[in-house]
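1. could you look at this predicted model? Sequence included:
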Amino acid sequence: MKKRLQNRVALSRWALPVTIVYGLAICLIVGMMEREQLSTFVLLVVSSLMMAELNNSYSLIRIYSRMVSCSFLVMTSMCLRLFPSAEVVVVQLTFIAFLLLIWRAYQNPGAVGWVFYAFLALGVSSIVFPKALLFVPVLWVVMGTNVLCLSARTLMASILGLFTPYWFFAAWLFYTNDLGMLAGHFASVVSFQPLFQFNGIDIHHLVTFGFILLLAVIGATHFIIYSYQDRIRIRLIYETFIVLDACCVIFALLQPQHFNELLGMAIVNTSPLIGHFLALTHSRLSNITSISIALIAFTITLFNLWPN
């Protein structure tokens, strides 16, 4: 089989180190504009390594390839200027941790430890982004239909894990004499703005969101067509990515006020989908598509770096 440019890059051991350097360069540029980007870069590298671990632990791509991590790095670097603080990257990091941990409980209704720690990570995420709690019912369904670990014990473990970070959060608020903030925090979970209010969303966010949505559609379509080539567990994992991606998109369209956090979560779910496409397609059309994706991503990155 002829190796095209797409395949040489997808199989290269240099792909991830080069992409990390690329991410560092973007962080430095954004840092000169916005300052205080060192913590963001550290979180970004840790998140990328965790995406690599997610790929390695569950064999998301059945050949050696770092396209999952590279895709994550490129898409997140593309959005760095749009994220007002490191909080979005924290949401990404904790959401990756959730995915990494919850699949340890695959087909094991007694795996209360893994479920507890997975929802503990989600609880940390919800402290930064309270509306992350709205994903919990969907994740419970996923535990029953895809992870196949739902039981009374794991359900209780998920609730305990979810609220464990709040004991420390409440203790801190009590120490700072601001305990009333906790009630406001939970009230914000079910407090919604008018639907489809895109007035505060600029062209940079819309273009970036549209591109990531396009990547999700390409990756999801490719996987659905060729999913028969993967093992059952891999199909279930990718179905989860598709469902969570769809939830992020629908939520972002209904409540654009939370675009940044939902964009970060969508990137986590889109990365394996588009990484699967980049690593496992070999046609001339896929080669042209892959090169186009890289060029468009770089162009949007420059566009987002351009001063408003």
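-> That came through fine.
2. so the residue sitting furthest away from the middle of the chain, which state does it fall into?
-> Within the chain, Asn177 marks the point farthest from the mean C-alpha position, 34.3 Å out by C-alpha atoms, centre = their mean. Here Asn177 is coil, with the state taken from DSSP: H, G, I helix; E, B strand; the rest coil.
3. what of Pro109?
-> Three-state call for Pro109 (three-state DSSP): coil.
4. re the thing from before, and the residue farthest from the centre of the chain, backbone torsions?
-> Here is the backbone geometry of Asn177 (degrees, to the nearest 10): phi 60, psi 40.
5. list the buried residues of the worst-scoring helix or strand of the chain on mean pLDDT.
-> One helix or strand of the chain scores below all others by mean pLDDT, DSSP states H and E: helix 15-34, with a mean of 81. Across helix 15-34, burial judged by 16 or more other C-beta atoms under 10 Å covers Ala15, Leu16, Thr19, Ile20, Tyr22, Gly23, Leu24, Ile26, Cys27, Ile29, Val30, Gly31. Placement of C-beta: from N, CA and C, glycine included.
6. alpha carbons of that helix, as CSV, please.
-> The C-alpha coordinates for helix 15-34 follow below in CSV (Å, rounded to 0.1, in the frame of the first residue of the first chain):
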residue,chain,number,x,y,z
ALA,A,15,4.3,13.8,15.3
LEU,A,16,3.5,14.3,19.0
PRO,A,17,6.8,16.0,19.9
VAL,A,18,6.5,18.4,16.9
THR,A,19,2.9,19.2,17.8
ILE,A,20,3.9,19.9,21.4
VAL,A,21,6.5,22.4,20.2
TYR,A,22,3.8,23.9,17.9
GLY,A,23,1.5,24.2,20.9
LEU,A,24,4.3,25.9,23.0
ALA,A,25,4.9,28.4,20.2
ILE,A,26,1.2,29.3,20.1
CYS,A,27,1.2,29.6,23.9
LEU,A,28,4.2,31.9,23.8
ILE,A,29,2.5,34.1,21.2
VAL,A,30,-0.8,34.2,23.1
GLY,A,31,1.2,34.8,26.3
MET,A,32,2.8,37.9,24.8
MET,A,33,-0.7,39.2,24.0
GLU,A,34,-2.6,38.0,27.1
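7. next structured bit after it?
-> Sequence order places helix 38-58 as the next helix or strand after helix 15-34, per DSSP states H and E.
8. what comes up buried for the helix or strand following that following helix?
-> The helix or strand immediately downstream of helix 38-58 is helix 67-79, counting by DSSP H and E. Neighbour counts over helix 67-79 (16+ other C-beta under 10 Å) mark 67-79 as buried.
9. which among those residues gets closest to Val91?
-> Of all these, Val91 sits closest to Thr76, with 11.4 Å by C-beta to C-beta.
10. hang on, the earlier thing: so what does the least confident helix or strand of the chain touch, helix or strand wise?
-> helix 38-58, helix 67-79, helix 284-305 (3 or more C-beta pairs under 8 Å, 6 or more residues apart in numbering; DSSP states H and E).
11. the longest one vs helix 15-34, what angle?
-> With axes from the mean of the first three to the mean of the last three C-alpha atoms, to 10 degrees applied, the angle from helix 284-305 to helix 15-34 works out at 20 degrees.
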